[in-house]
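Colleague: any chance you could fold what I've pasted below:
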Amino acid sequence: MLSKINKSAVRAALLAQEHAEHAAAEAAFRAYFDEAVRPDDTVLDPEHAAATVRDRPAQELAEARAHAHAGHLAALAGMAFTASTVVEVGAVVQIGARVVVVAVPTQPFDVDGIRMIGIAPDAPLAAAMMGLAAGDTFELGERELTITAVA
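Modeller: Numbering: from 1, shown residues only. All right, here's what the predicted structure looks like:
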């Protein structure tokens, strides 16, 4: 399944998804504050401005989401998506019928008709597979899994 995967297309799909998520997170963050303040920083709605200050956890969550996606974009910019024979950052790994990309955590996406999902290099699944090759087995929790292919 992975023998002819276009890793440039995998990288492009990851970048596209992260750019979209980052833009949505920043838009949500800006919208949260733009409702209460005019462009010249004059408060339009004092009650909403006060609620904005009171609702700091929501503000911090929105800001953290934007920063997380900015970090993902920076990480992707520095990753090599070259052919891999072992699990490493940038590798596409098949475990049974599932395919993961060791890069950044993402929603499922398709490349060349293959459904895959991005996982962080420090995720438990990635950590358990690092350095292994196709045919190797590893344990995750109480399950033993076998790597079917690495690209």
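Colleague: endpoints of stretch 136-148, how far apart?
Modeller: 8 Å (C-alpha to C-alpha, to the nearest Å).
Colleague: so what's R115 bridging to?
Modeller: Following DSSP bridges, R115 is listed with bridge partners D110.
Colleague: for it, give its distance to A133.
Modeller: When distance is defined by C-beta to C-beta, to the nearest Å, R115 is 23 Å away from A133. In this view, the C-beta of every residue, glycine as well, is placed from N, C-alpha and C.
Colleague: same thing with Q17?
Modeller: On the measure of C-beta to C-beta, Q17 and A133 end up 28 Å apart.
Colleague: who has more neighbours, these two?
Modeller: Neighbours were counted for Q17 and for A133 using other C-beta atoms under 10 Å; Q17 has more, 19 against 13.
Colleague: can you tell me which helix in this protein is longest?
Modeller: helix 7-34 (DSSP state H).
Colleague: can you tell me the centre-most residue of the protein?
Modeller: Most central in the chain under C-alpha atoms, centre = their mean is P105, positioned 3.0 Å from the mean C-alpha point.
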